[in-house]
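*Asks:* What follows is a predicted structure for the sequence shown.
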Amino acid sequence: MPRKPRFYIAGMPVHVVQRGNNRQPIFFGDVDYRSYLKWLREAAEKYDCAIHAYVLMTNHVHILVTPEDTSGISRMMQYVGRRYVPYINQAYGRSGTLWEGRYKSSLIDADNYFLACSRYIEMNPVRAGMVAHPRDYAWSSYAHNVEGKANQLIRLHALYTALGHSDSARRKAYQALFQEQMDDKELVNIRASWQTGTPLGSDRFREEIEAVLGKKVGYHKRGRPAKRDKKKQKGSDPF
């Protein structure tokens, strides 16, 4: 089966997801998380990708990123993989692939979905039953975006800075987004978009993307996801 092409537009945010092979762990200790973040920061700087939000789960990662050009994200992920996979294999005496195929991604309609997607990413540990509150999870951008903890990996998006006239006002406004539960339909659409590579937004937004790219980009089936027979594991993404 041919690989499904990925499409990027310079200056447009993208939701990137990469899972462990067979949904097995990709992080085994704190040093692994730190190593991944180190290489992700190097890659983001090298290939002009602005990272706005992220979460490193036990067996997968989510990244919200805006590239300066159409090849930046692919190069960034390749850079990280070529360093992180050999590191894990050597550190833990394993061999073979670490990832479950290629990473998945979807273009984001920033005006309508950027903040929702950022919250979706930072709420992953809560939905997975790992912590009671996103502040309790060490390996995400929440501490920076809400509590102002220094994080040189993060570059603020214009929609985040527009939340207030000062750092404290922006953090307070962003934190308020977490006080209400996300709409089920919104959760389904975000998840279905990155799974299928479909732009996240309205039909008009997708049509505009296709006009810019000059090609069809695919559509996911809307609605509630199918029920799973297997029980979910901690660290998995239930949405």
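*Replies:* Received, thanks.
*Asks:* for the protein, what spans make up the strands?
*Replies:* For the chain, strands defined by DSSP state E occupy the ranges 14-19, 49-56, 60-67, 104-107.
*Asks:* Quick one: mean pLDDT for the last one?
*Replies:* What strand 104-107 shows for mean pLDDT is 96.
*Asks:* CA atoms only for that strand - export them in PDB, please.
*Replies:* The C-alpha trace of strand 104-107 is given here as PDB (Å, rounded to 0.1, in the frame of the first residue of the first chain):
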ATOM      1  CA  LYS A 104       0.700  11.200  11.900                       C
ATOM      2  CA  SER A 105      -0.200  14.900  11.500                       C
ATOM      3  CA  SER A 106      -3.000  17.300  10.600                       C
ATOM      4  CA  LEU A 107      -3.000  20.900   9.600                       C
END
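*Asks:* which strands and helices sit next to it?
*Replies:* Counting contacts by 3 or more Cβ pairs under 8 Å, 6 or more residues apart in numbering; DSSP states H and E, strand 104-107 is packed against strand 14-19, helix 184-196. Yep, even glycine has a C-beta here, placed from its N, CA and C like the rest.
*Asks:* go again using 10 Å as the cut-off
*Replies:* Here strand 104-107 touches strand 14-19, strand 60-67, helix 72-91, helix 110-122, helix 184-196, helix 203-213, going by 3 or more Cβ pairs under 10 Å, 6 or more residues apart in numbering; DSSP states H and E.
*Asks:* What's the local residue count around Ile88?
*Replies:* 19 (other Cβ atoms under 10 Å).
*Asks:* go on, the one 10 residues further on?
*Replies:* Other residues near Leu98 number 20, with proximity taken as other Cβ under 10 Å.
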